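Chemist: what shape does this take:
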Amino acid sequence: MKLPVVVAIPTKNEAENIAAAIRSVIGHVEAVVVVDSHSTDDTCEIARSLGAEVVPYEWDGRYPKKKQWCLDHVRPGTPWMLFLDGDERMSPELLAELRYVFSQPLKAAAFDIPLGYWFAGRRLRYGYTIVKRALLDRTRCHFPVLDDLDAPGMGEQEGHYQPVAEGGASAVRRLKSPIEHEDLDPLRTWFDRHNRYSDWEAWLEVHPRVKESIRKAKTRQGQLFHKAPLKPLTSFAYAYLYKRGFLDGLAGLDYALAMSFYRWQIGLKTRELKARQARRPA
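Modeler: Numbers count the residues shown, from 1 in each chain. Okay, here's the model as predicted:
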């Protein structure tokens, strides 16, 4: 039995990863749709060869952004949509859990799914707990429209916040089995990506009204971290000590340091932006 779910995979230049993502779900769901933003590599050709549908996407610089566009336009006759990034894949355990979920009446509007996170070639078992609201009833969920179009770093993609479910937290269930997040691109792409993300996060720090609207759309963990002092040190202590990232060996240390460096980047860029604002004539 195929799951009554459309899997949407937003992509741009994911040739290294896309085959594993598609193979993890093709044949198990109603449709797999790659929503591609003008890839210049073989992403689209690989996707088509594996049986996925490919839909071109071009952002007009306004809302809706890419994932909300998927909810609005990709196979709209099927209410349930699951988002996979190009460097993610569905675990067999998650497929089995979803078969059980869809075998009974559904009251939830959305499902939070843990990520099995890989870093420096190793699957992390400890450290940060990352959860993604990836499975949505599109008739009852939407991505918030925020006043961040002038912010750098994200572009066509929604930022680090969750889609909103009608009914609030009571309408969201959390699954146990993971989506595996294993990026096969060189490690420098992780740093390139997070360098852009830190631009967006720093911009939010000097636009507190927008930051507060995003905080409300984050997970509970993300909401609490907004107020944490000394974020680089807090981030490292949380991941490496409190969440026992040291049990993941060198990869656990590398990841905790990388995330701490990311928080340091945000803080440094925030101070730069505030200094520039202070120098502007009144």
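Chemist: tell me how far the helix or strand harbouring Glu212 is from the chain's mean position?
Modeler: Per DSSP states H and E, Glu212 falls inside helix 208-215. Offset of helix 208-215 from its chain centre (C-alpha atoms, centre = their mean, to the nearest Å): 18 Å.
Chemist: show me where the stretch 151-282 of the chain has helices.
Modeler: Counting by DSSP state H, counting those that start in this stretch, one finds helices in the stretch 151-282 of the chain at the ranges 188-205, 208-215, 220-225, 231-236, 249-279.
Chemist: and the helix holding Glu212 with helix 188-205, angle?
Modeler: 120 degrees (axes from the mean of the first three to the mean of the last three C-alpha atoms, to 10 degrees).
Chemist: make 44 the first number, not 1, from now on.
Modeler: Will do, 44 is the new start, and the previous item becomes helix 251-258.
Chemist: who does helix 251-258 touch, helix- and strand-wise?
Modeler: Helices and strands in packing contact with helix 251-258 are listed as helix 231-248; criterion 3 or more C-beta pairs under 8 Å, 6 or more residues apart in numbering; DSSP states H and E. Every residue, glycine included, has its C-beta placed from N, CA and C.
Chemist: what's in contact with the helix it packs on?
Modeler: Helix 231-248 is contacted from outside by 162, 191, 193-197, 202-203, 226, 253-254, 257, 301, 305, 308-309, 312-313, 315-316, using C-beta atoms under 8 Å, 6 or more residues apart in numbering.
Chemist: pull out the buried members of the residues you listed.
Modeler: 162, 191, 194, 196-197, 202, 226, 253-254, 257, 301, 305, 308-309, 312-313, 316 (16 or more other C-beta atoms under 10 Å).
Chemist: any stretches of the stretch 194-325 of the chain with poor pLDDT?
Modeler: In the predicted model of the stretch 194-325 of the chain, residues 261-271, 325 satisfy pLDDT under 70.
Chemist: circling back: okay, the helix holding Glu255 in CSV with CA atoms only?
Modeler: Presented in CSV, the C-alpha positions along helix 251-258 are these (Å, rounded to 0.1, in the frame of the first residue of the first chain):
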residue,chain,number,x,y,z
PRO,A,251,13.4,42.6,17.1
ARG,A,252,9.8,42.8,15.9
VAL,A,253,10.5,40.3,13.1
LYS,A,254,12.6,38.2,15.4
GLU,A,255,9.8,37.9,17.9
SER,A,256,7.3,36.8,15.2
ILE,A,257,9.8,34.1,14.2
ARG,A,258,10.4,33.0,17.8
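Chemist: what values do phi and psi take at the residue nearest the centre of the chain?
Modeler: In the chain, the residue lying closest to the centroid (C-alpha atoms, centre = their mean) is Lys175, at 6.3 Å. When read as degrees, to the nearest 10, the backbone of Lys175 gives phi -120, psi 130.
Chemist: what segments of the stretch 94-243 of the chain are strands?
Modeler: 96-99, 123-126, 131-133, 153-162, 165-166, 174-180, 184-185, 207-208, 215-217, 222-224 (DSSP state E, counting those that start in this stretch).
Chemist: take those and write them to CSV, including distance to Arg142.
Modeler: Listed next are those as CSV, based on distance: least, C-beta to C-beta, whole Å:
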stretch, distance to Arg142
strand 96-99, 23
strand 123-126, 13
strand 131-133, 12
strand 153-162, 14
strand 165-166, 24
strand 174-180, 13
strand 184-185, 21
strand 207-208, 22
strand 215-217, 15
strand 222-224, 16
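Chemist: hang on, the earlier thing: distance of the residue nearest to the centre of the chain relative to Asp128?
Modeler: 9 Å (C-beta to C-beta, to the nearest Å).
Chemist: equivalent analysis for Gly210, please.
Modeler: Counting by C-beta to C-beta - Gly210 and Asp128 are separated by 26 Å.
Chemist: these two - which one has more neighbours?
Modeler: Asp128 (19 against 14; other C-beta atoms under 10 Å).
Chemist: could you report the pLDDT at the more buried one?
Modeler: With respect to pLDDT, Asp128 scores 96.
Chemist: which ones are touching it?
Modeler: 52-53, 64, 224.
Chemist: now do 6 Å
Modeler: Contact criterion C-beta atoms under 6 Å, 6 or more residues apart in numbering gives no residues in contact with Asp128.
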